[in-house]
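*Asks:* One predicted model, sequence on top.
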Amino acid sequence: MISLTFRSVVHVPYISCSHSNQTCIETHVQLFHSLKNIIAARVITRQNASEIWAFLTDLYVKHPYPREPLLTITFGIFEQFHLWLGPPADMPKYREHVETCIIGVTQVFTAMNGANISTLRAELPSFFKLDRLVSELNDSIGILEHQSAVLRGLNKRRWPELMRKLFPAAVPALYTRELEAAPEIPSRIVRNL
């Protein structure tokens, strides 16, 4: 049985499972596979996307290193969110999507430590899907920051911290602005792919 609960300021999980571990994993796999398909259909609203990011946050908070196939599905969700961003030509919608995804990525991966992220990167071939999403979001901050208080706020500290955690050897090549909050990072770093 999966129960959904309201999320307040203090982290209260959306998902709790009362079945055996294997049944719980199977249930989560079905849920996340369905969520991936919903995002792929491009019918979700900003609120729906926020709820999906909350599910992902719960998963990664509870299981910093989820097992296959759930892990593969979550990286498929990251890929679908990258596609959901849509073209920048529709700027108001694009900005909303970027804000939602930046908040989501920040919530999911702020809870993880750098060692777990490095393990995921090393062991999961589909980690590039998250890299692509984060690179586009990072590029979008420079374009949209002046239009969005949310992006300005995240870019002061949380986003640069997350970038260092996700890319410990180098910040993505697209992140080229001076970081006032983090002067120890050079303003132009080329990421070795």
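*Replies:* The structure has been received and is ready for your questions. Quick caveat: nothing in here was measured; it's all calculated off a predicted structure.

*Asks:* and the helix or strand hosting residue 102, what other elements does it pack with?
*Replies:* Taking DSSP states H and E as the criterion, residue 102 maps to helix 91-110. Helices and strands touching helix 91-110, by 3 or more C-beta pairs under 8 Å, 6 or more residues apart in numbering; DSSP states H and E, are helix 46-62, helix 70-84, helix 128-144, helix 149-156, helix 158-166. The C-beta positions use only the backbone N, C-alpha and C, and glycine is treated the same way.

*Asks:* and the angle for the first one with helix 70-84?
*Replies:* Counting by axes from the mean of the first three to the mean of the last three C-alpha atoms, to 10 degrees, helix 46-62 points 150 degrees away from the direction of helix 70-84.

*Asks:* do the same with the shortest one
*Replies:* For the pair helix 149-156 and helix 70-84, the angle between their directions (the same axes, to 10 degrees) equals 130 degrees.

*Asks:* If you count neighbours, what's buried in helix 149-156?
*Replies:* Burial within helix 149-156, assessed by neighbour count using 16 or more other C-beta atoms under 10 Å, is assigned to 150-151, 154-155.

*Asks:* Kindly report the same for the first one.
*Replies:* Buried residues in helix 46-62, counted by 16+ other C-beta under 10 Å: 49-60.

*Asks:* and it, how far from the chain's centre?
*Replies:* Put simply, helix 46-62 sits 9 Å off its chain's centre (C-alpha atoms, centre = their mean, to the nearest Å).

*Asks:* these two touch, right, residue 154 and residue 102?
*Replies:* Yes. Contact criterion C-beta atoms under 8 Å: residue 154 and residue 102 qualify, at 5.9 Å.

*Asks:* Tell me who's in contact with the closest residue to residue 52 other than its chain neighbours.
*Replies:* Nearest non-adjacent residue to residue 52, counting by C-beta to C-beta, 6 or more residues apart in numbering: residue 35, 5.2 Å away. By C-beta atoms under 8 Å, 6 or more residues apart in numbering, residue 35 lies in contact with 52, 55, 77.

*Asks:* quick one: contacts for the first one?
*Replies:* Going by C-beta under 8 Å, 6+ apart, residue 52 touches 35, 38-39, 44, 77, 104.
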